[in-house]
Every structure is written in structure tokens, then in C-alpha cells.
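Asks: Build me a structure from this.
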Amino acid sequence: MATFAQKMDDIKAVVDLLDTGRTQGIALITKVNAVVASLRGEEAEKAAAAARAYRRRLGASLEELGHACLDPHLTDMARVILSPDLTAGARFWDDLRKYMVGAAETVKTRGINYGAGSVTGTGNGVLHRLTVNENGKNLEAMYLGVTRALCIQDKGARAEPGREAFTLDGKNVGADLLDETGARETQQVRCHDGSELIGDASFESFGGTVTVPTDMGAWETNATPVTDYRFTSDDIYRKSPEERANVSTTNPAGIGYALWLKNATEKYIQQRFFNLGGLKTDRPLFAGFAYRRDSAISGFTAGSGTLTPTVGNATFAPVVVAAQVGWQFHLVTLNENLHYRNLNDGDPILKLRWAPSAGHLLVDGFIVCYFDEYNKAWLVIRPGTTDFKLDDTIEFTDALAGADGKMQAWAWRLYKRMYHHATAGAETVTDP
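Replies: Numbering: from 1, shown residues only. Presented below is the predicted three-dimensional model:
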């Protein structure tokens, strides 16, 4: 039986063939387009149609050649790494990546620069992205170019405020392997807000009264009611969908609350995911919350100290509360620890620990949800203090920082998967 290194050499030879064909194909199509564009007369459109048909055949033949040449080598590789998937399917690629992690084998990275979301319109929410896998490696099995999120349903179209609907799609989408710009898929997602994976995410229900509470609802805490905490409706981050349902004759728009931590001793609040049915293993977790240290409500003293969020057995970077003005939204660090394998501890808990050095703190607007998958990466759209409206857009652009990694690029082009990888010059399996 062949070794891993021998099979990688075989794969490299095929990748070299395919990459040469693609480079020459792009050059050929460029020349054909130039010739067609210069045509005049009644037959010009007929010639252009023939050129487009030729382009489609050339792109399709390149993909056909790739599978014909690479599939047999990947079947052999499955035998080398003892994968039961001999079809180059999803199980094979997962097994291959795990094998490469264990054997410290890597290919050259594609070197993608991941763009941040830019909002155009009324809403001031944010699109957050997670672009690494559980090993901390960049997700590279993806189309590059501009991606647009378009708001297609807002409050006026019966969407709950904070849960507006968006469509995701690529802009200026290319036709085939000769022009790979723009994600090919269209997908609908919703803005995330309120109680999704935890209860009372905005402290919408609790025992007792605002000033004399008896408990924190779904939250567990070591804080003592009244002495250590109370609630307020006078200064909140935003009303969650659940709080908007807290309607009364005097408050027809619903009542929002924030937690008011007021004793200068270390306290925590927490919830157990196990109590809510456990976590999914195939989707990373998003977690964030809002806080304020400088409220002007009566009796409030500006606070300072440290906030430390924990999800499962993963502790994220603490927040130093010292000089912030107004409400701040803090999300846990977007890294590999948000994947289930890294945060699971058998009984995963979401915990927020407040270690004050002085004063009080308001906490509100937890958002704990699963990331949405799009174009083989992860994203979450969350609301800000102003809701999104119909036709609001969020766009981001992903682009190569330099030369594409050939082995990695062809794994994506033909299989929409990726190898374990390393920065250029540090890979163990070099590009052809």
C-alpha cells in the first residue's frame, strides 16, 4: 500500500495539471472575449452565443477532468488513513483533516483576508463572523468576493423587532471554475435576539418586584436579592422580543428590564445548557451581552471592575470596566473555543463573573445562539439599538492576500472541502 507522502505526491501531480489547464483556459477565454467584442454586423450575436457555449464546455470539462484524475487518488488516500469513506465525501475529508492534524501534516494556506460587515440603511446592528475551525485554522473552502445580506422582512412585514429576515447571496457571481467570484448559494437567515438558547436573556421575568426581587428567573446566582442586585426599567440596552410581549394597559409596547448589580463583592450569574436540552455538536456557539457602568438613574454609582465570560470549559478574554460611556455590547472572543469540541465539559454552563473594584453595573441583552452557516463559514446578524428596516444591507468582501495555495484551492474547487493547512513556507506538503 502507498504511504501518505506518496499519495500526496500523486495528488500534487494532478493539481499541477489542473492548475496549468485553468491558467491557460482563462487566457484563452480572455482572447476569445476580445475577438467576439470586436465583431460587427448581423452575425455578431450568434458568434457571441457560440463563444459563451464554448466557455461553458471548457469550464465543465475542467471540472470533469479534475474528478476523473483526483477521485481515484483520494480513494487510495482513504485506504491509507483508514477512512471508511472511499467516495471522497464529507466523512473522508473530515477523516483526512483529523489525520493531518495528528500527523502534523499541512498544505499551504490560501491566505484569505476576511472582510468585516458594512451596514447601509437604518439599522445599526452588526454582522459577526467566525472564520476558524475547531483547530484554530482559517476556513478556506469558500468562494471569494462580495457577500450581501439584504433585509427582506422587518417589523412592518410582521417580523419580530430584533429578528428581521435577511437573504444572503454573492454579488457579481462568476460562471464556473474559470471565474470563481461570488458565493453561488442564496440563503435566508434571521437576526438573532432574545431568549434562544437561554431563558430570560434580557431578564424579562423574575420573582418579586423590580426593587425587591426574590430570584433571577432562569438564572442561577450567588448574589443576594436586594442586597446585591435589583432590576430597573429606567435604563435598558434594548427591548428583546420577549420583553415586547410584556404588555399592559399602561405599557402597550412592553416593558424592558436590566439587571442592576450593586454590591462591591464578586458575584456571578449563570445558566446550564443541559437544562435546556444540551448543545448541538456541529454548530459553533455565539454569545454576547450588553453592559453599562455610567447610568444616570437615581441611586446608581458608576462602576469599575472586571467582567469574565465563560462558556462551558472555555474562559474568554475578560472585560476591564473602567471608562466606557453608555451601553456597550461585548461578544466573547470569536475563536476555536466556540466549537462544541472545545467548550464541552459534560455539563456546559454560560457564566458571567463580575469582580467590582467600585460602584454598580447594569447588564442586559444576552444573545446566545448558534452561528448560521453560509459559504462554508459562520456568521451571526444581531440587532443594535435601532432595528433593521426593509432593504437595509450588510456587505463584506473576502479576498486573497497573495498567491492562492494550489492544493487547498483545488480541494475547494472540486469538493468544497479543505486540508489542514499552515502559513506559506511552514507547510509540510508543498504546492506543485
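
Asks: For the rest of this, base every contact and every neighbour count on C-alpha atoms.
Replies: OK.

Asks: So residue 1 is in contact with residue 82, correct?
Replies: No - counting by C-alpha atoms under 8 Å, residue 82 is not a contact partner of residue 1; they are 11.7 Å apart.

Asks: okay, these two: which has more neighbours?
Replies: More crowded of residue 1 and residue 82, by other C-alpha atoms under 10 Å: residue 82, with 14 against 8.

Asks: what helix or strand is the more buried one on?
Replies: Per DSSP states H and E, residue 82 falls between elements, in no helix or strand.

Asks: mind listing what it touches?
Replies: Counting by C-alpha atoms under 8 Å, 6 or more residues apart in numbering, residue 82 touches no other residue.

Asks: Pop the domain breakdown of this protein in here.
Replies: Here the domain parsing of the chain from automatic domain parsing is 4-110+405-422, 115-401.

Asks: Including distance to residue 430 and mean pLDDT, could those domains go into TSV?
Replies: Converted to TSV, those look like this (distance: least, C-alpha to C-alpha, whole Å; pLDDT from 0 to 100):
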stretch	distance to residue 430	mean pLDDT
domain 4-110+405-422	6	93
domain 115-401	17	92
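
Asks: Mean neighbour count, these: which tops it?
Replies: domain 115-401 (a mean of 18; mean count of other C-alpha atoms under 10 Å).

Asks: Off-centre distance for that domain?
Replies: With C-alpha atoms, centre = their mean, to the nearest Å as the basis, domain 115-401 stands 13 Å off its chain's centre.

Asks: Could you work out the end-to-end span of it for me?
Replies: 12 Å (C-alpha to C-alpha, to the nearest Å).

Asks: Kindly report the same for stretch 234-244.
Replies: Terminal residues of stretch 234-244 are spaced 15 Å apart (C-alpha to C-alpha).

Asks: just stretch 219-227 next, same as before
Replies: 17 Å.

Asks: Give me the contacts around that stretch.
Replies: Residues outside stretch 219-227 that contact it (C-alpha under 8 Å, 6+ apart) are 199-200, 211-215, 229, 262-263, 267-271.

Asks: let's see 6 Å
Replies: 212-214, 267-271 (C-alpha atoms under 6 Å, 6 or more residues apart in numbering).

Asks: Redo the residues you listed as TSV? Include distance to residue 58 and secondary structure.
Replies: Formatted as TSV, those follow (distance: C-alpha to C-alpha, whole Å; DSSP: H, G, I helix; E, B strand; the rest coil):
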residue	distance to residue 58	secondary structure
212	74	coil
213	71	strand
214	71	strand
267	65	strand
268	62	strand
269	60	strand
270	58	strand
271	56	strand
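
Asks: Give me the spatial nearest neighbour of residue 267, chain neighbours excluded.
Replies: Take residue 267 and drop its neighbours on the chain: the residue closest to it by C-alpha to C-alpha, 6 or more residues apart in numbering is residue 354, 5.4 Å away.

Asks: Please apply the same query to residue 288.
Replies: Residue 288 sits nearest to residue 331 (C-alpha to C-alpha, 6+ apart), 3.9 Å away.

Asks: ok, back up a step: for the contacts of stretch 219-227, which one is nearest residue 205?
Replies: Among the contacts of stretch 219-227, residue 213 lies closest to residue 205 (C-alpha to C-alpha), at 10.4 Å.

Asks: That closest one bridge partners, please.
Replies: Note on residue 213: beta-bridge partners by DSSP bridges are residue 208.

Asks: Quick check: the gap between it and residue 207.
Replies: From residue 213 over to residue 207 the distance is 6 Å, taken as C-alpha to C-alpha.

Asks: Could you do residue 219 as well?
Replies: 11 Å.
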